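Enquirer: Here you go, sequence then predicted model.
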Amino acid sequence: MTGEAVVLGLRAAKLPSRALAIALDLLVQVVTLIVTLIALATLAPDLDDAAAAAISLGLMVFYLVALPILVETLSHGRSLGKLALGLRVVRSDGGPVRFRHSLVRGLVGFVEIIFFSGIPAVITSLVDSQGRRLGDIFSGSLVVRERVPGAGRGREALPALPPQLMNALGGELVALDLSAVPDGLWLAIRQYLARLGELDPAVALGMAQRLVGDVVSHTGHTAPYGVHPASYLGAVLAERQRREWARAAGAQGIGAPQPQGPYRQDPYQQGPYQQPGPVPMPPVERVDAAGAAEAAVRDQAPQAPTHQPPQADGGFAPPA
């Protein structure tokens, strides 16, 4: 489920992958704890037994309880082991986990995994239908698989539409009444198409069929036969965006017909319209700074009077 409350069909992780992820996390934590204790003993060899025991207990609590809670909270449910196996901890409703979920998971996990060697966690995961352990049940969380085998082929599985079917689909889309489709359904369609490549083909097909059913119930027109549901959703969404753009362009006076320019047939409107050509710009005279300064000095300098020889009344000038 995304932030817009769109369910993407995530799959719950089972016991083998979860056990391997926990084993990787515990291995990293124990190795880090041992290295820290060895470094502490090397740097402070004069500590008495009580201080060494207190520091060792504090480090054990930090690395085995506090650090997993901190990492899970900051990474939104992804520890090192879960990241390696493509797992993630989410809430039961699909949202990201918070600090309180990670705190309950960490405290209960320390008891059922470390204190009881993981026996309660194995039994609960085998009994629960979603493979949850006691920490998941008490915190209201769930471990899901982010990398599903076969995922990423949802967009590649869309069949290509023949030209005849595309033309028929375009005519039906123009006649659709999309005013009754709610905004929430448009949001779900956009989120589905944006994440189509992340879904398993079977999950993508099922979600597309449900969304197409919702669109058909609001428009009153059945989807054409032979068109993939995801392709039909993309075409309907493109038609709605085209209508919104045309409405906005008409309100602002954009795209009005011009008396000149080539004609082009619009596939969504009846009749040809003129495509406006580029508007010629007036030439701009470029004058550099030196030329402008020289012209200004020349204009301000006094002009010498030009001598013209006198002319007689009859228009005859005597020779010089």
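Expert: Perfect, thanks for sending it. Because the structure is a prediction, the values reported are computed rather than measured.
Enquirer: Residue 221 - how many residues pack around it?
Expert: Neighbour count for residue 221, taken as other Cβ atoms under 10 Å: 13. (Glycine included, C-beta is placed from N, CA and C.)
Enquirer: scratch that, residue 98
Expert: Residue 98, neighbours per other Cβ under 10 Å, totals 13.
Enquirer: And residue 70, by the same measure?
Expert: Neighbours around residue 70, by other Cβ under 10 Å: 14.
Enquirer: And for the strand or helix carrying it, what's in contact with it?
Expert: Assigning secondary structure by DSSP states H and E places residue 70 in helix 67-74. Helix 67-74 is contacted from outside by 25, 29, 78-80, 89, 97-99, 102-103, 105-106, 109, using Cβ atoms under 8 Å, 6 or more residues apart in numbering.
Enquirer: Select from these every entry located in helices.
Expert: Among the contacts of helix 67-74, DSSP state H puts 25, 29, 80, 99, 102-103, 105-106, 109 in helices.
Enquirer: In PyMOL, how would I select the buried members of these?
Expert: In PyMOL, a selection of the buried entries from the ones in helices among the contacts of helix 67-74 looks like this (16 or more other Cβ atoms under 10 Å):
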select buried, resi 25+29+102+103+105+106+109
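Enquirer: one step back: the helix holding residue 70: which residues count as buried?
Expert: Across helix 67-74, burial judged by 16+ other Cβ under 10 Å covers 67-69, 71-73.
Enquirer: Including distance to residue 217, could the residues you listed go into JSON lines?
Expert: Below are those laid out as JSON lines (distance: Cβ to Cβ, whole Å):
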{"residue": "67", "distance to residue 217": "51"}
{"residue": "68", "distance to residue 217": "47"}
{"residue": "69", "distance to residue 217": "46"}
{"residue": "71", "distance to residue 217": "45"}
{"residue": "72", "distance to residue 217": "41"}
{"residue": "73", "distance to residue 217": "42"}
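Enquirer: ok, residue 23 touching residue 79?
Expert: No. Between residue 23 and residue 79 there is no contact under Cβ atoms under 8 Å: 11.7 Å.
Enquirer: before we move on, the earlier item: also compute the angle for the helix holding residue 70 relative to helix 99-109, please.
Expert: With axes from the mean of the first three to the mean of the last three Cα atoms, to 10 degrees defining the directions, helix 67-74 sits at 150 degrees from helix 99-109.
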